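Colleague: Take a look and give me a structure for this.
(chains A and B)
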Amino acid sequence: MGKEGSLDTRRRGSDWLQQALRISDELSLFSGGSQPPAVPAVFRERCETAAAAALGIARLGREKSRVGFVPLPLSEYLQELAKSARVELDPLLAASGIRLEDDALGPTQALAYFCRRLGLSLREALLHLGLGLSERLGAPPVPVVMARQDGASGGRDALAAYEVALRGTLSEIGAAGELQTLEAELRSVYGESSHGE
Amino acid sequence: MEEDAYREFADFFGPRFQVFFRSRGLSAAEADDLAVTCVTDIALKVNRYDPGRGGRFAAWVFTLAHNALIDWWRRQRVSEPLPDELAVAETRDDPASLVEVTYAVREAIAKLPASEQALVRFRDLGGMESYNQIAEHLGIQPSAARVRHHRALRRLRTLLEPDPRIRRLLQRGSAA
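Modeller: Reported below is the predicted structural model:
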């Protein structure tokens, strides 16, 4: 920094100028002022598949906003949303890098990105995935635990009541650690900036 | 109708994302993957675009792509520091300022003599990078192309330095 709070542009040389020219050049590319070179058909197809996935997720997201949270494992919840929104789920999951692994959808990271794109909060995503985990591990059904807790859960918000029940049911079978691992994986994805937003 | 809009978005921006990421040092495979991810992620955010706040749509998309690149870099190259050019030009939430910079640059270039305008466009804004190519195109010696280009940049710097739009860019840079 030079005198009077001005910027020492001499010391910075032409860096700032190169940067300004670069921004101008790149924005011109994005504005259509300059044309990108032709791309291979394979890449164009990948882009179109990605756009179709965006459309599918947008439709599921609208349906999700309409129905709100439903305490189902993620795969069942998505199937219900897809049915109502008339979206083909399998190609959408495949395009998002999600596949069936040991009778469950995975990998967790791809699921987390998918949940975030869908507009699920971290808590909702963890509940959906946790309910699936609980079911696979043969833990007592969460609704039963919920019923047991009914008296105690009055006044809490619905998500909090499910969270308590889910933690309780997994603790009963000694699987609380697996839920924590799941939560850590989700947090690492949800903690990212979501492209500047 | 909705399908067409999404496809058009992909057809227009997909290749541009790819060129942009390649120009910022990603390998072809990395640029392809990130471009495809951006098509999905940014298309899903289109309803959040606010022309009043964010300037032109292209600038808004460019800002998100730029931020995606920063996120990618931080995720993939954890052990490497963010390159200076990305750190300096980090423009989160500020697509309008990019448009301002672009206008400032265009206006300044328009004030240069025609021959110098051509040199800057070829060398800095068009991708024709070598002085040999530029010289051939303009019918001059490569050494002359180099000298005139440097002169043009000097003039451009003098024109842009006091411009408040450029000063704001510099202030962001020093804050980064």
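Colleague: where does chain B have low pLDDT?
Modeller: B:1, B:53-55, B:77-96, B:126-128, B:172-176 (pLDDT under 70).
Colleague: So is the helix or strand residue B:108 falls within next to chain A?
Modeller: Element membership for residue B:108, per DSSP states H and E: helix B:95-110. Yes. Counting by C-beta under 8 Å from any C-beta of the partner chain, contacts between helix B:95-110 and chain A involve B:98, B:99, B:101, B:102, B:104, B:105, B:106. In short, each C-beta sits where N, CA and C put it, glycine included.
Colleague: Make sure the third one is actually in contact with residue A:24.
Modeller: Think residue B:101. Yes. The pair residue B:101 and residue A:24 passes the contact test of C-beta atoms under 8 Å, sitting 6.6 Å apart.
Colleague: And the two? Which one has more around it.
Modeller: Using other C-beta atoms under 10 Å in any protein chain shown as the criterion, residue B:101 and residue A:24 rank with residue B:101 on top: 25 against 22.
Colleague: if we can go back for a sec, which among the residues of helix B:95-110 next to chain A count as buried?
Modeller: Taking 16 or more other C-beta atoms under 10 Å in any protein chain shown as the criterion, what is buried in the residues of helix B:95-110 next to chain A is B:98, B:99, B:101, B:102, B:104, B:105.
Colleague: The third one: what's its closest spatial neighbour, skipping adjacent residues?
Modeller: Nearest-residue entry for residue B:101: residue A:23, 4.9 Å, with adjacent residues in sequence omitted and distances by C-beta to C-beta, 6 or more residues apart in numbering or on different chains.
Colleague: so the one you found is in which element?
Modeller: Using DSSP H and E, residue A:23 falls within helix A:15-31.
Colleague: so how far is the helix or strand hosting residue A:133 off the chain centroid?
Modeller: Counting by DSSP H and E, the element that carries residue A:133 is helix A:122-136. Mean-position distance between helix A:122-136 and its chain equals 13 Å (C-alpha atoms, centre = their mean, to the nearest Å).
Colleague: hmm, who's touching that helix?
Modeller: A:69, A:71-75, A:77, A:103-105, A:108, A:111-112, A:115-116, A:120, A:141-142, A:159, A:162-163, A:166, A:169-170, A:175, A:178-179, A:182-183, A:186-187, A:190 (C-beta atoms under 8 Å, 6 or more residues apart in numbering or on different chains).
Colleague: Next step: the residues you listed restricted to strands.
Modeller: Using DSSP state E, the subset of these located in strands is A:104, A:105.
Colleague: can you narrow the contacts of helix A:122-136 to ones near chain B?
Modeller: When C-beta under 8 Å from any C-beta is applied, no member of the contacts of helix A:122-136 is adjacent to chain B.
Colleague: from the contacts of helix A:122-136, which would you call buried?
Modeller: A:69, A:71-75, A:77, A:104-105, A:108, A:111-112, A:115-116, A:120, A:142, A:162-163, A:166, A:169-170, A:175, A:178-179, A:182-183, A:186, A:190.
Colleague: for the strand or helix carrying residue B:4, packing partners?
Modeller: In this assignment (DSSP H and E), residue B:4 forms part of helix B:2-23. Applying 3 or more C-beta pairs under 8 Å, 6 or more residues apart in numbering or on different chains; DSSP states H and E, one finds that helix B:2-23 contacts helix A:15-31, helix A:41-67, helix B:28-45, helix B:57-76.
Colleague: and the last one, which residues are buried?
Modeller: Burial within helix B:57-76, assessed by neighbour count using 16+ other C-beta under 10 Å, is assigned to B:58-73.
Colleague: These also near chain A: which ones?
Modeller: B:58, B:59, B:61, B:62, B:63, B:64, B:65, B:66, B:67, B:68, B:71.
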